[in-house]
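J.: Predicted model and sequence below, questions to follow.
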Amino acid sequence: MQTKVIERGVASLAWQKVQDYKMLVKFRLTMTVVFSSVMAFLIALSGPVNWLAVLILASGGFLVTGAANALNQVLERDYDKLMKRTAGRPLAAGRMSTSEAVMAAGFMSLFGITLLALFNPWAAFLGTLALVAYAFLYTPMKRISPSAVAVGAVPGALPTLIGCVAAQGEITFLGLSLFALQFLWQFPHFWSIGWLGHEDYAHAGYKLMPVTSSGACDRRIGLQAFLYAIFLVPVSLIPYTLGVSGWISAVVVGALGLGYAWFGWKFFKAGSRKAALQLMFFSFAYIPVALVAFFADKI
């Protein structure tokens, strides 16, 4: 009986450690980053798909992104304790030491960048740039100015460019267009999330959102969300003009951009939680649907 109790206790601790590492690397977010990079690779690729290369790219991207997220939590551990949505993270809750998280981030970055370097120097350089910009530029800027959102949008969009350079060996107009697509997409996406979590962010001292003199979110971010979504429409047509994808994906992604803009406009006019939620949920669908449309139309 005592042996079974000990075994259950060990299994429980092991399970908790697995869950802690999933939280440390922000597993679901990291998987969406990997998806963007792999889809960009497949869109840019000419010739048959090398699935070993896809696996290497996915693994390298996962490790680099996981390292960036781990370093982010190391730097923000004291602030994470102050927010409801982050208080349960392993560093904030005291279930993991700072040294363990830093060591994990070090190993992940080392192996991740090495895997990206198997493609070409561009992929390794851009992976390193994304990690450094996210952890050491965006993270500290979040407590200084709303301009941190623009800074963070750069590493947030680099996975698509990394996928393209891994396939093509150089920076091309296609890679830059997919980078621009994901860069612009992030602004309406984040403004909706920032609106919904403004009190939590403000409690921890983050200055991510433009605010009025009363401390409330400036409703003009809704107008910005609308404008960025409108800019997405011509950008989304670039793969078609380059001959990479066909007219069907151009119509689909153009319609997505107009829908995104519509929800941004509703958010601007209503300034309500419901409108922010609608914009946020639409943003979740935009990137995967757009990238799948480009790839399917290419086939």
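T.: Yep, it's here.
J.: okay, CA-based contacts and neighbour counts for the rest of this
T.: OK.
J.: list the buried ones in stretch 112-119?
T.: In terms of neighbour count (16 or more other Cα atoms under 10 Å), stretch 112-119 has its buried residues at 112-117, 119.
J.: ugh, wrong one, stretch 97-104
T.: 98, 101-102, 104.
J.: tell me the two of the residues you listed that are most distant?
T.: 98 and 104 (9.9 Å; Cα to Cα).
J.: now this protein, which segments are flagged as low pLDDT?
T.: Low-confidence segments of the chain (pLDDT under 70): 1-9, 213, 215, 299.
J.: contacting residues around the closest residue to residue 170 other than its chain neighbours?
T.: Distance criterion Cα to Cα, 6 or more residues apart in numbering; nearest residue to residue 170, sequence neighbours excluded, is residue 122 at 6.9 Å. Residue 122 sits next to 162, 165-166, 169-170 when contact means Cα atoms under 8 Å, 6 or more residues apart in numbering.
J.: So residue 122 versus residue 163, what's the distance?
T.: 10 Å (Cα to Cα, to the nearest Å).
J.: ok, now residue 207?
T.: Separation of residue 207 from residue 163 (Cα to Cα) stands at 32 Å.
J.: Out of these two, name the residue with the larger neighbour count.
T.: residue 163 (32 against 18; other Cα atoms under 10 Å).
J.: and the helix or strand harbouring that one, what does it pack onto?
T.: Element membership for residue 163 (DSSP states H and E) is helix 148-168. Packing partners of helix 148-168 (3 or more Cα pairs under 8 Å, 6 or more residues apart in numbering; DSSP states H and E): helix 27-44, helix 51-75, helix 121-133, helix 173-196.
J.: Show me what counts as buried in the longest one.
T.: Spelled out, that is helix 51-75. Buried-residue list, helix 51-75, by 16+ other Cα under 10 Å: 53-54, 56-75.
J.: element containing the closest residue in space to residue 253 that isn't next to it in sequence, please.
T.: Nearest non-adjacent residue to residue 253, counting by Cα to Cα, 6+ apart: residue 290, 5.5 Å away. Here residue 290, judged by DSSP H and E, is contained in helix 273-298.
J.: Next, the angle helix 148-168 makes with that helix.
T.: Angle, helix 273-298 to helix 148-168, by axes from the mean of the first three to the mean of the last three Cα atoms, to 10 degrees: 10 degrees.
J.: Please name every helix or strand in contact with helix 273-298.
T.: Using 3+ Cα pairs under 8 Å, 6+ apart: helix 273-298 touches helix 27-44, helix 173-196, helix 247-270.
J.: TSV please, covering these and showing mean neighbour count and distance to residue 285.
T.: Below are those laid out as TSV (neighbours: other Cα atoms under 10 Å; distance: least, Cα to Cα, whole Å):
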stretch	mean neighbour count	distance to residue 285
helix 27-44	22	11
helix 173-196	22	11
helix 247-270	21	9
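J.: For residue 225, find the nearest of those helices.
T.: helix 173-196 (4.2 Å).
J.: any idea of the angle that closest one forms with helix 148-168?
T.: Using the same axes, to 10 degrees: helix 173-196 against helix 148-168 is 150 degrees.
J.: Can you give the distance from the next helix or strand after helix 173-196 to the centre of its chain?
T.: Following helix 173-196 in sequence order, the next helix or strand is helix 198-203 (DSSP H and E). On the basis of Cα atoms, centre = their mean, to the nearest Å, helix 198-203 sits 21 Å off its chain's mean C-alpha point.
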